[in-house]
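Participant: Fold the stuff below for me.
(chains A and B)
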Amino acid sequence: QKEVEQDPGPLSVPEGAIVSLNCTYSNSAFQYFMWYRQYSRKGPELLMYTYSSGNKEDGRFTAQVDKSSKYISLFIRDSQPSDSATYLCAMSPFSGGYNKLIFGAGTRLAVHP
Amino acid sequence: GAVVSQHPSWVICKSGTSVKIECRSLDFQATTMFWYRQFPKQSLMLMATSNEGSKATYEQGVEKDKFLINHASLTLSTLTVTSAHPEDSSFYICSAMGAGANEKLFFGSGTQLSVL
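Facilitator: Below you'll find the predicted structure:
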């Protein structure tokens, strides 16, 4: 079993839809959770960074962490074609512990006009 | 946000040659840099952690003599793929972590290596 599981998709939605992206994990030591967006043949770009459980909102993006269920989500409201990319979840057991950062395989999202 | 520049963005080389990839933090000093490898439709796999002025720490299964890492300054780390073979063809990505407000991880744009 992988430490972090993420449905690879692809996920295809119409413009304006609400998108829900999810990851599950098995290591209860994870406390820091991130979502990255990666366009084709580019490096990942940090979208959201959260600590422990709870919600965090930034513009059209909302990140949720449910540590009791070992489940994290990223919601995108009013999705746009420019949101079409691969979304990677990532998590670490401690702050700045990027050598322990585990990535999901990424979910490919396509938003069509 | 902080900017990390990676160069070249793509390179094609003959089998047996060496290739050097550069990773620079442009507007902050990176105490630590990381090198990843990513195969198509797969996640990023950490290859090594690079600290300025010290030897890199390699992940299990990564050949340190094949993937030479040099972190000569707080703004530059290089990855050299020595005696490249077709199985080394992959997308290589670097990332840099600063201190304080830049403690988050910032990624370069990646290098697509194709070994013929």
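
Participant: Tell me the spatial nearest neighbour of the residue of chain B found nearest chain A, not counting adjacent residues.
Facilitator: Nearest to chain A in chain B, going by Cβ to the nearest Cβ, is residue B:107, at a distance of 3.4 Å. (Each C-beta comes from the backbone N, C-alpha and C, glycine too.) Leaving aside its sequence neighbours, residue B:107 sits nearest to residue A:43 (Cβ to Cβ, 6 or more residues apart in numbering or on different chains; 3.4 Å).

Participant: again, but for residue A:52
Facilitator: Nearest to residue A:52 is residue A:31, by Cβ to Cβ, 6+ apart, at 5.7 Å.

Participant: Now do the contacts for that neighbour.
Facilitator: By Cβ atoms under 8 Å, 6 or more residues apart in numbering or on different chains, the residues touching residue A:31 are A:51, A:52, A:92, A:93, A:94.

Participant: packing partners for the host helix or strand of residue B:91?
Facilitator: Remark: residue B:91 resides in strand B:90-97, with elements defined by DSSP states H and E. With contacts defined as 3 or more Cβ pairs under 8 Å, 6 or more residues apart in numbering or on different chains; DSSP states H and E, strand B:90-97 has these neighbours: strand B:4-7, strand B:19-25, strand B:32-38, strand B:76-81, strand B:105-107, strand B:111-115.

Participant: mind listing the strands for chain A?
Facilitator: A:4-6, A:11-14, A:19-25, A:32-38, A:45-51, A:54-58, A:61-66, A:71-76, A:85-92, A:102-103, A:107-112 (DSSP state E).

Participant: Report the closest residue of chain A relative to chain B.
Facilitator: Closest point on chain A to chain B, by Cβ to the nearest Cβ, is residue A:43, at 3.4 Å.

Participant: wait, that residue sits on residue B:6?
Facilitator: Yes. With contact defined as Cβ atoms under 8 Å, residue A:43 counts as touching residue B:6 (7.0 Å).

Participant: Pull up the overlap in contacts between those two.
Facilitator: In contact with both residue A:43 and residue B:6: B:93, B:94, B:108, B:109, B:110, using Cβ under 8 Å, 6+ apart.

Participant: Could you find the closest non-adjacent residue to the last one?
Facilitator: Spatially, and ignoring its direct neighbours in sequence, residue B:110 is nearest to residue B:93 (4.5 Å; Cβ to Cβ, 6+ apart).

Participant: pLDDT score assigned to the one you found?
Facilitator: pLDDT for residue B:93: 96.

Participant: Tell me, how many residues neighbour it?
Facilitator: 25 (other Cβ atoms under 10 Å in any protein chain shown).

Participant: For chain A, what lies in contact range of chain B?
Facilitator: Contact residues (Cβ under 8 Å from any Cβ of the partner chain) of chain A with chain B: A:8, A:34, A:36, A:41-46, A:49, A:88, A:95-96, A:98-99, A:101, A:103-106, A:108.

Participant: make it 6 Å
Facilitator: For chain A, the residues in contact with chain B (Cβ under 6 Å from any Cβ of the partner chain) are A:42, A:43, A:44, A:96, A:98, A:99, A:103, A:105.

Participant: would JSON lines of these with neighbour count and pLDDT be doable?
Facilitator: Converted to JSON lines, those look like this (neighbours: other Cβ atoms under 10 Å in any protein chain shown; pLDDT from 0 to 100):
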{"residue": "A:42", "neighbour count": "17", "pLDDT": "88"}
{"residue": "A:43", "neighbour count": "22", "pLDDT": "89"}
{"residue": "A:44", "neighbour count": "28", "pLDDT": "92"}
{"residue": "A:96", "neighbour count": "16", "pLDDT": "66"}
{"residue": "A:98", "neighbour count": "22", "pLDDT": "72"}
{"residue": "A:99", "neighbour count": "14", "pLDDT": "72"}
{"residue": "A:103", "neighbour count": "23", "pLDDT": "92"}
{"residue": "A:105", "neighbour count": "20", "pLDDT": "91"}
